[in-house]
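K.L.:
Test case, fold it:
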Amino acid sequence: MTDSRAYIVILNWNGWKDTLECLESVFKQDYPNYFVIVLDNDSSDGSFEHIANWMDGRGADAVQSIPVLGHLSYPGIKKPVSGLKCQSIDELPLNSADYFSMALVKTGGNLGFAGGNNVGLNWIRKHEKNANTWVWLLNNDTVIEPDALSQMVRHLQEKQKNGKYTCGSLVKFYQEPHIIQALGGATFNSYTGVGSQTLGRFLDDKATIDHESVASQMDYITGCSWLLPLAFIREVGLMEDRYFLYYEEMDWVLRSRQHGYQLTYAPQSVVYHKEGSSIGSKTMNRAPSQLSEFYMARNKIYFIRKFYPLRLPLIFGVIFLQAMNRIRQKQFNNAAILLKVLFGKRHFK
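P.N.:
Have a look, this model is predicted:
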């Protein structure tokens, strides 16, 4: 395995405690050559200051009590962390990765998942000279096994002998670490605009799995752990930031197919994900928040109009049926959000 540099891009929004736990595990990994870019999306909970204090070794430790997966993030790494704190991406020096381990950068606003990550991706695209560089999009509400990145790099290098690929991980539930949350990603139904439950969801991690068969079914990679060659970003471009939340992964994949990219995942790359902790996505124990419901419905319309415009009437029908189902479930505020989207509401506030 070559030791080409990997940029690890982590987006934070009002989630500094999760981010610090994630970072503690990231800095214990076995991949030898990486640079972490933490992007703060205009948090209102003091995230930038908390993460800056953590870098300096000031303030509370990342893990004050042993959580479910405390062995991956505790005891804390040695501080201070060699890094930069930037009020904007323009302050990040071109050769930062040659001298530092990490950069903490303000994005300049709450730009959503795509827009926030794009701040870092665009900087990497412009300034990294080595064409063999990797870019790892990693959610802040994850913790990783020490070999998660090295296993992905190894797997992707092997796959690239026969084509162009991007790579996901085997994702497990943070609170149920023996239960699979996703085998790489999920499938997508373009007639309903609905993604399936992630592949392998709720399987025990001891289950017998044909990983090649599962990978062949993937329509998109879950964005909580996604490894990309730098060439992907230069050929395909950045994520579509009009979505703000949801559907940006599927949009990126469809655009990448025009450049010959395929999907895979590394079964030995294990990432634990808290799933939707910052935005209230639906989980096995929680209904979707109004914010999550709104962006899922609005972006379904955006996405289908862009890629499958003749199927748009079906999508309006699907959203209407979802609204009726929310009424049946007595989730009246969520039902109202869905109906407002049908009648043209395009902004959450």
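
K.L.:
Need phi/psi at the closest residue to residue 175 other than its chain neighbours.
P.N.:
Computed as CB to CB, 6 or more residues apart in numbering, the closest residue to residue 175 that is not its neighbour in sequence is residue 68, at 5.9 Å. Quick note: C-beta positions are derived from backbone N, CA and C, even for glycine. Phi and psi for residue 68, reported as degrees, to the nearest 10, are phi -60, psi -40.

K.L.:
how much space is there between residue 110 and residue 244?
P.N.:
Distance, residue 110 to residue 244, using CB to CB, to the nearest Å: 9 Å.

K.L.:
again with residue 328
P.N.:
Going from residue 328 to residue 244 by CB to CB gives 28 Å.

K.L.:
Of residue 110 and residue 244, which one has the most company?
P.N.:
residue 244 (23 against 15; other CB atoms under 10 Å).

K.L.:
how about low-confidence regions in the stretch 1-150 of the chain?
P.N.:
1-2, 60-66 (pLDDT under 70).

K.L.:
For this protein, which segments are assigned as strands?
P.N.:
6-12, 34-40, 83-86, 102-106, 134-138, 142-144, 164-173, 180-183, 185-186, 188-189, 194-195, 220-221, 225-229, 261-273 (DSSP state E).

K.L.:
quick one: contacts for residue 8?
P.N.:
By CB atoms under 8 Å, 6 or more residues apart in numbering, the contact list for residue 8 reads 26, 34, 35, 36, 37, 136, 138, 149.

K.L.:
what's the residue lying closest to residue 147 once chain neighbours are set aside in contact with, if anything?
P.N.:
Spatially, and ignoring its direct neighbours in sequence, residue 147 is nearest to residue 30 (5.3 Å; CB to CB, 6+ apart). By CB under 8 Å, 6+ apart, residue 30 lies in contact with 146, 147, 150.

K.L.:
Nearest to residue 206 among the residues you listed?
P.N.:
Of all those, residue 206 sits closest to residue 147, with 19.1 Å by CB to CB.

K.L.:
residues near the closest one, how many?
P.N.:
Residue 147 sits with 17 neighbouring residues when counted by other CB under 10 Å.

K.L.:
where in the stretch 151-300 of the chain is pLDDT low?
P.N.:
276-287.

K.L.:
Mind jotting down where the helices sit in it?
P.N.:
Counting by DSSP state H, counting those that start in this stretch, one finds helices in the stretch 151-300 of the chain at the ranges 211-217, 230-236, 248-257, 290-307.
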